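> pasting the sequence and the predicted model now:
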Amino acid sequence: MKDLTKIRNIGIMAHIDAGKTTTTERILYYTGKNYKIGEVHEGTATMDWMVQEQERGITITSAATTCIWKDHNINIIDTPGHVDFTIEVERCLRVLDGAVGVFCAVSGVEPQSETVWNQADKYKVPRIAFVNKMDRVGADFHSVVGEIKDKLGKNASPAQLPIGSEDNFQGIIDLIKLEKITWLDEDLGAKFEISKLNDDELDEAQMYREELIESIADYDDELAETYLGGDEVSSELLLRVLRKAVIKHEFIPVFCGTAFKNKGVQPLLDAIIDLMPSPVDVGEVKGYDTKNTEKEISRKPDPSEEFSGLAFKIATDPFVGQLTYFRIYSGELKAGSQVFNPLENKKERIGKILQMHANKREELQTAKAGDIVALTGLKYTTTGQTLCASNKPIIFDLMEFPETVISIAIEAKTTADEDKLHKVLDQLKMEDPSFKFLTNKETGQLLIYGMGELHLEIIVDRLEREFKVGVNVGSPQVSYRESISSNATATKAYRKEINGKMQYGEVTLEVEPQEDELVSYEPEFKSREIPKEFFEAAEKGVYDSVLGGALAGYPFISIKAKLKGMKFDDMDSNELAYTIASSMAFKEACQSAGLVLMEPIMDLEIITPSESTGDVISDLNSRRGRIVSMNPKADKEVIKAEAPLAEMFGYSTDLRSKTQGRANFTMTFKKYEKLEHSLSKKVLEKRGIFI
């Protein structure tokens with residue numbers, strides 16, 4: 001089936017435990033992809049196929065699958081909800097045409113919901129919302145719709161109304177067609193009845209239908225004229241305008257149901273077909289000319305165009321080796337064909353083209369524009385890179401990956417493990433761009449860096465169970481940074497004879513603190529007598545010094561370096577000498593300016609029962625936390641706070657014990673902040689540095 005108008009590439013995204021994977025499982029069951037429903041809590045969910053996911057009952061890696069509903073191909077990616085794995089959501093949203101945001105009817109818009117919606121805004125992904133768990137005690141559909149409007153700042157309105165809630169949730173009222181759907185409890189929700197509304201239901205439905213029409217009337221003149229003229233708005237006209245508003249990513253229709261109790265999923269599938277864009281609706285995909293990266297060019301979603309697409313995820317399969325998940329934007333791809341990677345300037349040969357169903361696969365001979373597939377045989381291509389036809393190259397936008405803030409030291413248990421360790425870590429880094437590792441030059445320790453404690457726990461677990469590499473693990477460490485407290489200038493000359501040839505370069509640099517958490521460089525000194533490549537060498541010297549620091553080996557941040565002078569010798573000056581002199585001058589200037597340690601500060605959102613609020617706040621104060629705001633929500637308190645990462649290790653266990661396991665929290669990196677002298681001293685003394 002290759003009619004592009006009948007393809008939907010969608011993601012399922014939400015806060016952890018809102019029911020994304022359960023919703024996806026029901027979709028697979030009702031579309032006939034699975035003959036049996038898998039359950040997350042039993043560890044049998046198709047999309048949570050990793051052992052680590054089944055044990056913890058959470059999604060860690062995004063899983064792709066495809067199914068057919070009403071003659072349409074739906075490619076679905078189920079994304080993680082835990083904040084440590086946001087990178088998985090980011091890279092999937094980059095290649096998807098639409099997304100379903102799942103919200104818990106009790107908890108509403110939760111912290112990670114906001115994060116994933118901001119990511120979807122960044123890539124301008126059209127969305128619809130599904131309020132799940134309508135059968136739960138405390139379910140409140142209209143409250144969630146209100147939060148989508150207020151917290152997410154979206155133009156949103158119900159497209160359905162629930163019939164009952166909690167134990168009495170029976171079905172939905174369709175506001176577009178003005179009919180009701182009730183599910184029969186036998187047959188796992190596969191059977192339902194469509195019937196007319198009674199008078200009371202009709203009055204309520206008409207009121208909310210008018211609200212829906214008013215929300216989108218601006219998008220279509222015909223709808224506005226029909227509505228304002230007092231005429232009946234047909235379901236066909238309403239659906240057409242709804243689709244237009246959703247595709248422009250300016251309106252969110254809200255649907256409801258309970259995936260676990262098998263109610264509401266089939267109308268959600270209908271909404272995906274009716275409202276979500278096909279690759280044709282998304283239109284041309286913009287990229288850049290390889291010879292002039294300022295020049296914008298584009299590709300149409302057309303199989304007859306030249307081939308292009310984006311690699312958005314690398315994974316390792318025990319049977320076929322490295323898999324590259326790939327979205328084809330234009331043209332056609334054949335197994336065994338040769339394609340071009342413009343960023344690496346390398347040609348790649350496609351091994352197999354696989355249609356993925358979680359961790360199962362089906363081999364294809366060809367794939368075309370609009371398809372999401374997995375490729376084998378690629379040697380050079382990494383996450384976020386473009387593959388295209390060599391005779392018509394294009395580069396699509398690169399992805400941005402978040403900063404890691406936590407590390408642990410690991411070491412191999414045996415010599416055999418040591419031989420494998422670096423190779424496996426390289427492989428994991430290819431799979432997960434938010435994971436890094438390096439060897440500390442001062443201590444010789446091998447450090448692995450990640451987005452949080454759970455992220456690193458999963459990495460270590462995979463090393464031992466999946467890759468059979470035995471490791472000893474240290475306790476988690478904070479990834480500090482180094483900066484300066486004032487301005488300073490230094491001049492350094494490098495003069496040395498190497499292999500009978502004198503090397504000479506002399507550089508003067510000034511450093512000053514800056515707000516931006518980067519190291520920037522300004523070549524204020526200019527001279528026509530000095531060759532251009534020596535200026536470039538001096539700049540390289542500064543940036544080469546950033547990673548090593550000058551106090552405890554942590555990377556530098558928030559420094560502006562200015563080139564104030566260079567001395568030049570016709571005979572002896574060369575690039576290497578200027579790079580070394582510049583690096584020496586930068587480090588000396590930083591030392592003179594007064595080195596300071598910077599610690600990562602985290603944003604916290606804690607949802608706790610009201611009676612435990614005092615204990616939670618007292619605990620946060622003991623962790624150097626700062627309360628930003630407190631808002632009551634039903635019988636709970638939502639506390640927003642900031643706290644240093646160094647004080648937050650083991651927080652989940654402490655929070656559970658203080659609230660009888662009833663509170664939960666989300667923690668994300670916010671900024672780096674200067675660490676006071678007494679605490680800096682303790683951190684450095686632990687590393688054997690005394691000041």
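Received, thanks. Numbers count the residues shown, from 1 in each chain.
> only C-alpha atoms for contact and neighbour calcs from this point on.
Fine.
> wait, G108 sits on K149?
No - with contacts defined as CA atoms under 8 Å, G108 does not count as touching K149, sitting 11.5 Å away.
> these two: who's more crowded?
More neighbours sit around G108 than around the other of G108 and K149, counting by other CA atoms under 10 Å; the figures are 25 against 15.
> quick one: residues contacting the closest residue to that one other than its chain neighbours.
The spatial neighbour of G108 that comes closest, neighbours along the chain excluded (CA to CA, 6 or more residues apart in numbering), is V144 at 4.9 Å. V144 sits next to 103, 105, 108-109, 131 when contact means CA atoms under 8 Å, 6 or more residues apart in numbering.
> which residue of this structure lies farthest from its centroid?
Outermost residue of the chain with respect to the C-alpha centroid, by CA atoms, centre = their mean, is G500; its distance is 53.2 Å.
> export the contacts of V144 to a markdown table and append columns for secondary structure and distance to A245.
Output for these, formatted as a markdown table (DSSP: H, G, I helix; E, B strand; the rest coil; distance: CA to CA, whole Å):
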| residue | secondary structure | distance to A245 |
| --- | --- | --- |
| F103 | strand | 21 |
| A105 | coil | 24 |
| G108 | strand | 23 |
| V109 | coil | 22 |
| V131 | strand | 20 |
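> re earlier: next, the residue nearest to G108: phi, psi?
phi -70, psi -40 (degrees, to the nearest 10).
> could you list the low-pLDDT ranges of the stretch 501-650 of the chain?
Counting by pLDDT under 70, the stretch 501-650 of the chain has low-confidence residues at 634.
> all the helices of it, in order from the start?
Taking DSSP state H, counting those that start in this stretch to define them, one finds helices in the stretch 501-650 of the chain at 532-545, 575-593, 613-622.
> which of those helices sits closest to G661?
G661 lies closest, by CA to CA, to one member of the helices of the stretch 501-650 of the chain: helix 613-622, at 12.4 Å.
> packing partners of the closest one?
Applying 3 or more CA pairs under 8 Å, 6 or more residues apart in numbering; DSSP states H and E, we find helix 613-622 packed against helix 651-658.
> for the helix it packs on, packing partners?
helix 613-622, strand 664-674.
> do you know which of these lies nearest D221?
The stretch from the helices and strands packed on helix 651-658 with the least distance to D221 (CA to CA) is strand 664-674; that distance is 43.8 Å.
> next, the angle helix 651-658 makes with that closest one.
130 degrees (axes from the mean of the first three to the mean of the last three CA atoms, to 10 degrees).
> A552: what's it in contact with?
Applying CA under 8 Å, 6+ apart to A552 gives the contacts 684, 687, 689.
> tell me which of those residues fall in helices.
Those of these mapping onto helices are L684, per DSSP state H.
> so among the contacts of A552, where is pLDDT lowest?
Lowest in pLDDT among the contacts of A552 is R687, which has 75.
> what number of residues lie near that one?
Counted with other CA under 10 Å, the neighbours of R687 add up to 11.
> then E114?
Burial of E114, expressed as a neighbour count using other CA under 10 Å, amounts to 16.
> can you check what pLDDT the model gives it?
E114 is assigned a pLDDT of 77 by the prediction.
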